[in-house]
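**Q** turn this into a structure:
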Amino acid sequence: MKKTRFTEEQMVTILREADERPVPEVAKKHGVSAPTIYAWRKHFGTLDPADIKRLRHLEHENGRLKKIVADRDLEIDVLKEITRKKPTCRDATPTPAMKVVPSPCESPGPRSAITGATSPEKNRPEYRPRGTPHCCPAATMELEHAR
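**A** Got it, this is the predicted structure:
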């Protein structure tokens with residue numbers, strides 16, 4: 001974007017001068033074209049130089065507030081996505097309403113005194129017919145609600 005030779009306050013001062021004298025004369029004095037002065041008039045209207053500072057401050061504050069609102073909207077969307085997500089076995093935390101059923105797959109089984117490893121028979125998942133509770137509290141809760 002092209003940088004202008006005049007600040008906004010200077011543009012408004014030139015406009016106020018153009019209100020009192022003919023536009024071509026003021027344009028020639030300040031080294032700008034008459035259409036430029038008309039474009040400034042269209043943009044700034046009847047503002048005073050002091051109003052320009054206030055306007056710039058308000059625009060800056062408005063931009064800052066828009067960023068804050070955008071960040072809040074993003075946080076709200078993320079929180080909605082988190083609460084909408086169905087809990088899985090790993091991220092489910094039991095609540096007082098959930099009935100926690102102890103499961104054999106929660107404990108690794110007896111450890112060997114020599115190596116510290118668990119026996120392979122105990123690490124193998126046991127066979128469960130359909131409808132029996134899983135080790136996960138969320139799955140247990142779903143089964144209890146389905147009954």
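**Q** show me where the protein has its helices.
**A** Along the chain, counting by DSSP state H, helices occupy 8-20, 23-30, 34-44, 49-84, 120-123, 137-146.
**Q** what's the average pLDDT for the shortest one?
**A** Across helix 120-123, the average pLDDT comes to 55.
**Q** on that earlier part again, most tightly packed of the helices of the chain?
**A** Most buried of the helices of the chain by mean neighbour count (mean count of other Cβ atoms under 10 Å) is helix 8-20; its value is a mean of 17. Every C-beta, even on glycine, is put in place using the N, C-alpha and C of the backbone.
**Q** what angle sits between that one and helix 49-84?
**A** Interaxial angle of helix 8-20 relative to helix 49-84 (axes from the mean of the first three to the mean of the last three Cα atoms, to 10 degrees): 130 degrees.
**Q** elements contacting helix 8-20?
**A** helix 23-30, helix 34-44, helix 49-84 (3 or more Cβ pairs under 8 Å, 6 or more residues apart in numbering; DSSP states H and E).
**Q** out of those, flag the one nearest Glu8.
**A** helix 49-84 (4.6 Å; Cβ to Cβ).
**Q** quick one, which of the helices and strands packed on helix 8-20 is nearest to Thr13?
**A** Between those, helix 49-84 lies closest to Thr13; by Cβ to Cβ that is 5.7 Å.
**Q** let's test this: mean pLDDT of that closest one, rounded?
**A** In this model, helix 49-84 carries a mean pLDDT of 91.
**Q** since that was my last question, I'll sign off now.
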